[in-house]
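1. predicted model, plus sequence, below.
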Amino acid sequence: MFEKLVEVIGNYVEVEGKDIHPESRFMEDLGFTSFDFMSMLGELEDELDIEIDQQEAANIRTVGEATAYLEKLKG
Amino acid sequence: MMYSTIREMLVTTEAKYGDGDAVRYKVGKDKIETKTYTQLKQDSERFSNLLKALGEKGNHIAMVGMSSYPWIVSYLGTVNSGSVAVPLDVALPAEELCELVDRADATVLVLDEMRADVMAVVKERCPKLKHLISMQKEVSDENIVSFWQAVNEQPFEFECEIEPDKLCTIMFTSGTTGKSKGVMLTQRNLAENATCLDMKIPERSVILSVLPIHHAYCLSMDILKGISLGSVICLNDSLIRVAKNIKLFQPNIILMVPLMIETMAKKLEEAAGLPPEIVKREVFGEQFHTIYSGGAYLNPDYIDLFAKYGVSVLQGYGMTECAPVISATVSWNIKKDSVGQLLPNCEAKVVDNELWVRGSSVMMGYYQMPDKTEEALKDGWLLTGDLGYVDEEGFIYLTGRKKNLIITKNGENVSPEELENKIGSERIVQEILVREKNSVIEAEIFPDMEYAEKTGVCDIKAVLQQLIDTYNQGAPSYKKIYSLIVRETEFEKTPSKKIKRY
C-alpha cells in the first residue's frame, strides 16, 4: 500500500519517491494543499474500490497514517 | 431579471420551469435523485408552514449540515416565511456551534445527523432553543422532530408578504477581535446581489455546487443565482469526490475557490502531452465551459492555463458583509489582473488606499455588535479592509489586506487572534503569533522558559507540539496549525507593547 501511495503522491507534488517516508507529513513536508489531499483520496477510492469518510480522512497527517487507514479499509 | 426578494425568484422560476429539475443529489454511490422546481417550492412552503405550526414563524432558525436538499428546503422555507435563517459551519467544534446558535438567538435548529455530538448537547447549552429538527431521522420523538415526517404533514401552500428590507439571514464570519461576527443580510441584499448582473449564463445551465453551503459565496451564487436562472443545481457529496462527481453530474459551470482551481490545474498538466480537447473531455466533459473563482485571490496565470483547454475562469471579489459579491468578471470583458468589475448595484471609492463600497447589497450591520457595526459602516459605506483601487471602467484591483485576518486559499477566514488566545492561555506559552505562511497556518511561540525549568520540561518543542496537536484535534481543518516555530527570544513589540506582526 505504501508503494501505491508513493506513486499517487507523485501526481500531486514534485517530490521524488525516495524522499517520501512513512513519517512524511502531507502538507508540511510534501507540500500538499488540503484540496490536493482530498483529490488524491478520491483517486485512491477508485483505484482501490473503497469508500473514504471525509471526516475521518481529515485527521490523517502522515503518509504512514494514510497507509494504515487505507489498509484498514481494504481489509 | 433583477429580484428584490428570494421568494419572487423561486415563484417566478417555478412558474416557468415547474417540471424541470431544480436539485440533483446522490443517493448511494452513483445513483442520482432529483427534485423539480415545483417540488422545491412546495417542500419549502411546507417547511414555512411547519415553522408556523411550531409557533416559530418570524424567529431565528439555525441550520447545520452539508449541502443537501433538506438544507436548501429549510433555508428557503425560513426566509420565504419572513423568518431569519442562520446558516452555520458544519465543521465547527460542538462547543463553538452551540455558542453561535445561542448568540444568534435561534429557537429552532435544523441539524444533519452527522453532528450527533451537537444533537446530544445543544438543548442543554442553548436555553433559547425550543425545537431540534433532524434532517435524517425518520420518526419524530419527544426531543427531536423528524424533518421529513413533520414537513410532509404540512400543506404546501404558504402565502406571505415579504419585505425586501427586512433581515432574512445571519451569516457568521471571523473577525479580527477573535469573536466571529453575525453579518445581518436582508432579502434585498441577497436577492439583488444574486441577480443584478446579467452574466449571460444560459437558463437551465447545470451547476455543480462544491463549496460549503453556509458560505455566502455558495449560498448566493450557486443556490440563489441558480434558482433565479432556473438552473439544475447538483450537490457534491464530498470534497474527496469532486472529480468523480464532475463526470457523474456533467455540469456546465462550477464555482470554486483558488485552492480547488490549483489542484484541477495539476490534473490538467499531468496530461499535458495529450490533445487539449481530449484532456478537457476526460477531466470536465465536453459540456463544461466556465469556472467562477472567488473567496480568495487567484493567480491570473491559471486563467491562461484553463483557456488552453477551452474553459473560462472568471474571477470575482466580495465579502459576506456585501452579500457577498462586490465585483465580477464577465466573459466578454476581461482584465486579467483585476478581480472584476463592480456589480451594477455597487459603487466604490478609495479612502487612504482602502476600498469602500456602497449599494443595495451592503449588510445592515453585525448582529448585536453595534460597536463593530460602527467600525465597519460609515454613512452607508462598507469599509472592506482591502487595499486597492478602481479604474475608470469600474474594474477593481487589490493590492493587499488592511487587517490581520488570514484568508486561506480556500476562502476561509481565520482570525489569528482567536488561535493565539486559545493556545496562549497555556502556562508554558509566554508569547504567540499566528500567521499564514506558504498557504498553511503557522504558529511562532516564545515559551515560558522559567516555567519549563520549574516543571522539569526538557523537550520544550515536543511539549509545544503536543499542545498544538491537542488544539488541532478539535479544530476545523482550515483552522488547524501545520507549522510550529519555537523562538529563543521575545518578539519585537510596538510602543503599546503589542507584538509586531510584520
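-> In hand now; what should we look at? Residues are numbered from 1 along each chain as shown, chains lettered A, B, ... in the order given.
2. which residues of chain A lie near chain B?
-> In this structure, chain A approaches chain B at residues A:11-12, A:25, A:27-28, A:33-36, A:38-39, A:41-43, A:45-46, A:51-52, A:54-55, A:57-59, judged by C-beta under 8 Å from any C-beta of the partner chain. Backbone N, C-alpha and C define where each C-beta goes, glycine included.
3. measure the residue lying closest to B:Gly182 once chain neighbours are set aside to A:Glu28 for me?
-> Excluding the flanking residues, the one nearest B:Gly182 by C-beta to C-beta, 6 or more residues apart in numbering or on different chains is B:Tyr367, at 3.3 Å. Applying C-beta to C-beta, to the nearest Å, the value for B:Tyr367 to A:Glu28 is 37 Å.
4. more crowded one of the two?
-> Taking other C-beta atoms under 10 Å in any protein chain shown, B:Tyr367 and A:Glu28 do not tie; B:Tyr367 has more neighbours (22 against 16).
5. what separation do you get for that one and chain A?
-> 29 Å (C-beta to the nearest C-beta, to the nearest Å).
6. phi, psi for that residue please.
-> phi -60, psi 120 (degrees, to the nearest 10).
7. show me where chain A has helices.
-> Under the criterion DSSP state H, helices of chain A are mapped to A:2-9, A:34-48, A:54-57, A:63-74.
8. can I get these in a markdown table including mean pLDDT?
-> Shown next, in a markdown table, are the helices of chain A (pLDDT from 0 to 100):
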| stretch | mean pLDDT |
| --- | --- |
| helix A:2-9 | 92 |
| helix A:34-48 | 90 |
| helix A:54-57 | 84 |
| helix A:63-74 | 94 |
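9. reformat the ones you listed as CSV; add mean neighbour count.
-> Rendered in CSV, the data for the helices of chain A read as follows (neighbours: other C-beta atoms under 10 Å in any protein chain shown):
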stretch, mean neighbour count
helix A:2-9, 15
helix A:34-48, 20
helix A:54-57, 15
helix A:63-74, 16
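10. spatially nearest residue to B:Phe172 (excluding sequence neighbours)?
-> Leaving aside its sequence neighbours, B:Phe172 sits nearest to B:Ser180 (C-beta to C-beta, 6+ apart; 4.5 Å).
11. list the strands paired with the strand or helix carrying B:Lys35, with their directions.
-> Using DSSP states H and E, the secondary-structure element containing B:Lys35 is strand B:31-36. For strand B:31-36, the paired strands and their directions (DSSP bridges) read strand B:21-27 (antiparallel).
12. buried stuff in the strand it pairs with?
-> Of the residues in strand B:21-27, B:21-26 count as buried by neighbour count, 16 or more other C-beta atoms under 10 Å in any protein chain shown.
13. mean confidence score for it?
-> The average pLDDT for strand B:21-27 rounds to 97.
14. next: stretch B:252-259.
-> Stretch B:252-259 comes out at a mean pLDDT of 93.
15. OK, contacts around B:Glu33?
-> B:Glu33 is in contact with B:24-27, counting by C-beta atoms under 8 Å, 6 or more residues apart in numbering or on different chains.
16. again, but for A:Arg25
-> Applying C-beta under 8 Å, 6+ apart as the definition, the contact partners of A:Arg25 turn out to be A:61-62, B:482.
17. who does it bridge with?
-> A:Thr62.
18. identify the residue spatially nearest to the one residue in the stretch 301-450 of chain B that gets nearest to chain A, adjacent ones excluded.
-> Shortest the stretch 301-450 of chain B-to-chain A distance, computed as C-beta to the nearest C-beta: residue-wise this is B:Val440, at 5.7 Å. For B:Val440, the nearest residue in space outside its immediate sequence neighbours is B:Tyr482; the separation is 4.0 Å by C-beta to C-beta, 6+ apart.
19. name the residues that touch the one helix or strand that neighbour maps to?
-> Following DSSP H and E, one finds B:Tyr482 within strand B:481-486. With C-beta under 8 Å, 6+ apart as the contact definition, strand B:481-486 has outside contacts at A:25, A:27-28, B:419, B:423, B:434, B:437, B:440-447, B:460-461, B:464-465, B:468, B:471-472, B:475.
20. and the angle for it with helix A:34-48?
-> In terms of direction (axes from the mean of the first three to the mean of the last three C-alpha atoms, to 10 degrees), strand B:481-486 departs from helix A:34-48 by 130 degrees.
21. pretty sure B:Gly411 contacts B:Met256?
-> No: judged on C-beta atoms under 8 Å, B:Gly411 makes no contact with B:Met256 at a distance of 9.4 Å.
22. can you list residues touching both of those two?
-> B:Leu211.
23. which residues in the stretch 201-350 of chain B form helices?
-> Using DSSP state H, counting those that start in this stretch, the helices found in the stretch 201-350 of chain B span residues B:216-217, B:225-228, B:242-249, B:258-270, B:276-283, B:301-308.
24. for those, which has the smallest mean pLDDT value?
-> The stretch with the lowest mean pLDDT among these is helix B:258-270, at a mean of 86.
25. by contact count, what packs against it?
-> Under the contact definition 3 or more C-beta pairs under 8 Å, 6 or more residues apart in numbering or on different chains; DSSP states H and E, helix B:258-270 sits against helix A:34-48, helix B:276-283, strand B:290-293, helix B:301-308.
26. and the shortest one, average pLDDT?
-> To tie it back to what came earlier, the one meant is strand B:290-293. Averaging the model's pLDDT scores along strand B:290-293 yields 96.
27. give me the number of residues near B:Ser67?
-> Every residue meeting other C-beta under 10 Å relative to B:Ser67 is counted, giving 24.
28. again with B:Lys52
-> 16.
29. quick check: which element contains the closest residue to it other than its chain neighbours?
-> Distance criterion C-beta to C-beta, 6+ apart; nearest residue to B:Lys52, sequence neighbours excluded, is B:Ser81 at 6.9 Å. Element membership of B:Ser81 [criterion: DSSP H and E] is none; it lies in no helix or strand.
30. which ones are touching B:Ser81?
-> Applying C-beta under 8 Å, 6+ apart, one finds that B:Ser81 lies in contact with B:47-48, B:51-52, B:57-58, B:158, B:160.
31. switch to 7 Å and redo it
-> For B:Ser81, the contacting residues are B:48, B:51-52, B:57, B:158, B:160, by C-beta atoms under 7 Å, 6 or more residues apart in numbering or on different chains.
32. next, format the contacts of B:Glu33 as JSON lines and append distance to B:Leu274.
-> Putting the contacts of B:Glu33 into JSON lines (distance: C-beta to C-beta, whole Å) gives the following:
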{"residue": "B:Arg24", "distance to B:Leu274": "30"}
{"residue": "B:Tyr25", "distance to B:Leu274": "32"}
{"residue": "B:Lys26", "distance to B:Leu274": "29"}
{"residue": "B:Val27", "distance to B:Leu274": "34"}
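33. against chain B, how distant is A:Glu7?
-> 13 Å.
34. apart from its neighbours in sequence, what residue is nearest that residue?
-> Nearest-residue entry for A:Glu7: A:Gly17, 7.7 Å, with adjacent residues in sequence omitted and distances by C-beta to C-beta, 6+ apart.
35. quick one on the thing from earlier: ok, B:Gly411 and B:Met256, which is more surrounded?
-> B:Met256 (25 against 22).
36. pretty sure the more buried one contacts B:Gly295?
-> No: with contact defined as C-beta atoms under 7 Å, B:Met256 does not reach B:Gly295; the gap is 8.4 Å.
37. related to what we said a few turns ago, next, the residue nearest to B:Phe172: phi, psi?
-> Dihedral angles of B:Ser180 (phi, psi; degrees, to the nearest 10) stand at phi -70, psi 150.
38. who's in contact with residue 42?
-> Answering for chain A, as no chain was given. Under the criterion of C-beta under 7 Å, 6+ apart, the contact partners of A:Gly42 comprise B:240-244.
39. chain B was what I was after
-> Contacts for B:Gln42 were tallied using C-beta under 7 Å, 6+ apart; they are B:Phe156.
40. name the SS class of it, please.
-> The three-state assignment at B:Gln42 reads helix, by DSSP: H, G, I helix; E, B strand; the rest coil.
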